[in-house]
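> any chance you can model this:
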Amino acid sequence: MVSQAVSPPRSIRAKLLAMMVARVLLALAFLGVTTWFQVSQGSLSETLFYPLYVIAAFVGLITLFYALILSRVRNLRLFAYIQVTIDVITISVIVYVTGGIVSYLNILYPLLVIGSSIVLDRRGAYYTAAISSIIYGVLIDLEFYRLLPAKHQIFYSPVDSTWEDVVTTIASNILAFFIVAYLAGYLAEKTARIERELHEKDIDFDRLEHLNRQIVDNIPTGIMTIDEAGRVTSFNRAAVDITGHTLRDVYYKSMNEIFPALSGLLDDVSTTDLSVERECETKSGLSISLGLVLSPGQGEDMANVVIFQDLTQMKRLEEELRRDDRLKALGELSAAIAHEIRNPLASISGSVQVLREELSADALTGDRRHLMEIVVRETERLNALITDFLLFAKPADGKTESFDVAEVIGETVKVFSNSPEAAGIDIRTLPEPEDKDDIQSAFVDGNRRQLSQVFWNLLLNASISMKDLNSGKIEGSSKLTVSKKTIRGGGEVALEGSIEIAITDSGKGIAPENIERIFDPFFSTRELGTGLGLSLAHRIIESHGGRIEVTSELGTGTTFKVILPLRVEHP
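All right, here's what the predicted structure looks like:
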């Protein structure tokens, strides 16, 4: 069984239009040859040529009619068969007028068979060959038996044809028609199959291109391509998320202009990949750490490919891990040392106090009393320092419970507001208690006393920072803001289902070079500071599964953010 290629309607319509154009061109050529022949005969008034003009006019008009109704025809294949049938009849009339059995224009039949195979595949070619054979055979027989009027023929044979000539002519033409139909149908079918394969490949390429674009847009790594002039030619979705720049912002702009920190890197890319890390700024001005791999491309619009990732979070986690390792090692070592120091310190303090009680008042006058007070005060200070250090080295487990951290914040802020350290400071809690967005409750699991100590230390540091800015005095412009908000989805995965408490002061701020060190033990910029307050706060928050973030600007103030995970289910 021979499979038939079925062309889509749009393809058949296009082929029918091409066939109409070819028909008009042949009619014009036929008309031109007829006119030339008549002129060469020197008789323009010869009526013998008029049938040819009528045929040319008919072909033009019928083709115009086909073109007008083509857009309204639903069954294009049936319409094509009707056209082919009318063409066969028209060719037969031309053959009759131009001599019948002696006409050379019977070559139009094979041409029509070829055209039919292109429009209607092999089946159409066989149909055209069959109907051409029938009509041509009938035409030659009618002419042989003189059943057709000879007055309309332009050319005719001076010698009467024999029956053998008629049979030979009909048989040879019919054989030629079907041979052409077979060959043309085979080639048309093969061509249609190749077109289908190419069409399927085109569809696959389109799908692959769309799939590739989707993959590039959905991978979490930023990708941008650079042309030979150093301009950005593509920018995937991850690149937009990381840098804040849209494709419209960067397209066909110099990479060095958009990312000044990457200037000169393309000069180092030749035939091998280049891996670097750079600090860059996002569109909003936020500084981020990028890990970049620059690779040579294929030239023109993709001369170089830049793949990059935001390493800011990773570097922060690495720093926290390094800090934790240092603190763990330091804690284990110093805990034992602190105990060894604390025991003789207690002995010294106790001995001095006993000595002070036993000595008479006359013996403790002047410098002796002052020195005795210094010894007692300093031993108490050292004892408090060692107590904090032991708590930092190994925080007390305490009682773990489920409690409302929003309530703890409110109580701590209220107590601090009434303390001497808060005198003259404008303390605000956001959102306001009457605000509809105020967090009424936020339950966490942990140690209530330890978290209260963390918030107290942060508030105390804020107060000291504002005093340092104003030379030890609190002025009316000193402001302290405590805000809280819950994070429940839509943000970073690590933050979902958390509460964020932010404490913002208008103090002197922290120098950029000190930001990374403020949580290290014994690091302090204050003369009398122990350097354990923030370290202890950091340790406590980590033990509760949270973290502390800090942002600061010199002369403007500092913000500490405490992020704690909420309970999945409220009690």
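> lowest-pLDDT helix or strand in this structure?
Ranked by mean pLDDT, DSSP states H and E, the weakest helix or strand in the chain is helix 367-393, scoring a mean of 72.
> distance from the chain centre to that one, please.
62 Å (CA atoms, centre = their mean, to the nearest Å).
> can you list the strands that the following helix or strand past it pairs with?
Next along the chain after helix 367-393, taking DSSP states H and E as the criterion, comes strand 401-404. Take DSSP bridges as the rule and strand 401-404 pairs in its sheet with strand 443-446 (antiparallel).
> run through the neighbouring helices and strands of the least confident helix or strand of the chain.
The elements that helix 367-393 packs onto, with contact taken as 3 or more CB pairs under 8 Å, 6 or more residues apart in numbering; DSSP states H and E, are helix 312-358, helix 533-543. Every residue, glycine included, has its C-beta placed from N, CA and C.
> what about the longest one, average pLDDT?
Looking at helix 312-358 alone, the average pLDDT works out to 74.
> could you give the angle of that helix to helix 367-393?
Using axes from the mean of the first three to the mean of the last three CA atoms, to 10 degrees, the direction of helix 312-358 lies 150 degrees away from that of helix 367-393.
> tell me the helices and strands packed up against helix 312-358.
So helix 312-358, by 3+ CB pairs under 8 Å, 6+ apart, packs with strand 287-299, helix 367-393, helix 533-543.
> ok so, going back, and of the helices and strands packed on helix 367-393, who's closest to D267?
Comparing the helices and strands packed on helix 367-393 by their distance to D267 (CB to CB), the top pick is helix 312-358, with 26.3 Å.
> and that closest one, how far out from the chain's middle?
51 Å.
> looking at the helices and strands packed on helix 367-393, which is buried most?
Neighbour counts (mean count of other CB atoms under 10 Å) averaged over each of the helices and strands packed on helix 367-393 peak at helix 533-543, with a mean of 21.
> quick one: it to chain centroid distance?
With CA atoms, centre = their mean, you get 39 Å for helix 533-543.
> show me what whichever helix or strand comes after it is packed against.
Using DSSP H and E, the helix or strand that follows helix 533-543 towards the C-terminus is strand 547-553. For strand 547-553, the contact count by 3+ CB pairs under 8 Å, 6+ apart identifies helix 533-543, strand 557-565 as packing neighbours.
> how does it look with 6 Å?
Counting contacts by 3 or more CB pairs under 6 Å, 6 or more residues apart in numbering; DSSP states H and E, strand 547-553 packs against strand 557-565.
> angle of the strand it packs on against helix 533-543?
20 degrees.
> next SSE after the helix or strand harbouring A29?
Using DSSP H and E, A29 sits within helix 9-41. Using DSSP H and E, the helix or strand that follows helix 9-41 in sequence is helix 50-69.
> quick one: that following helix to chain centroid distance?
Distance, stretch centre to chain centre, for helix 50-69: 58 Å (CA atoms, centre = their mean).
> so which elements touch it?
Checked by 3+ CB pairs under 6 Å, 6+ apart, helix 50-69 has helix 9-41 packed alongside it.
> just want the angle from the helix it packs on to helix 50-69.
Going by the same axes, to 10 degrees, helix 9-41 makes 160 degrees with helix 50-69.
> pLDDT weak spots in the stretch 201-350 of the chain?
201-206, 271, 327, 330-339, 342 (pLDDT under 70).
> cool, and the stretch 451-571 of the chain?
Using pLDDT under 70, the flagged stretches of the stretch 451-571 of the chain are 468-477, 487-496, 527-530, 568-571.
> ok, which stretches of it are strands?
479-487, 498-505, 547-553, 557-565 (DSSP state E, counting those that start in this stretch).
> quick one on the thing from earlier: quickly compare the helices and strands packed on helix 312-358 and say which is most buried.
When you average the neighbours per residue for each of those (mean count of other CB under 10 Å), helix 533-543 leads with a mean of 21.
> what's that one in contact with?
F392, P395, Q450, V454, N457, I518, F519, P521, I548, V562 (CB atoms under 6 Å, 6 or more residues apart in numbering).
> show me where the stretch 101-250 of the chain has its helices.
108-144, 163-218, 237-243, 247-250 (DSSP state H, counting those that start in this stretch).
> and Y182, how many residues sit next to it?
Residues contacting Y182 under the criterion other CB atoms under 10 Å number 16.
> repeat for G230
Neighbours around G230, by other CB under 10 Å: 16.
> again, but for T63
Neighbours of T63 using other CB under 10 Å come to 18.
> for the one 4 residues further on, same thing?
Other residues lying near A67 total 14 when counted by other CB under 10 Å.
> quick check: closest non-adjacent residue to it.
M20 (5.9 Å; CB to CB, 6 or more residues apart in numbering).
> isn't that neighbour right next to T63, touching?
Yes - here M20 reaches T63: they are 5.1 Å apart, a contact under CB atoms under 6 Å.
> returning to that earlier point: most packed of the helices of the stretch 101-250 of the chain?
Of those, helix 108-144 is the most buried (mean count of other CB under 10 Å), at a mean of 22.
> how much space between the closest residue in space to V375 that isn't next to it in sequence and V376?
Closest residue to V375 apart from its sequence neighbours, by CB to CB, 6+ apart: V352 at 5.0 Å. With distances taken as CB to CB, to the nearest Å, V352 is found 6 Å from V376.
> got it, and I12?
For I12, the distance to V376 - CB to CB - is 109 Å.
> picking that back up, of the contacts of helix 533-543, closest to I69?
Nearest member of the contacts of helix 533-543 to I69, counting by CB to CB, is V562, at 79.7 Å.
> separation between the closest one and S172?
The separation that V562 has from S172, given CB to CB, amounts to 102 Å.
> the helix holding A29: which residues count as buried?
Across helix 9-41, burial judged by 16 or more other CB atoms under 10 Å covers 12-13, 15-16, 19-20, 23-24, 27, 30-31, 34, 38.
> so what's the nearest residue to T98 once chain neighbours are set aside up against?
Computed as CB to CB, 6+ apart, the closest residue to T98 that is not its neighbour in sequence is L105, at 5.1 Å. When contacts are counted by CB under 6 Å, 6+ apart, L105 is found next to I94, V95, T98.
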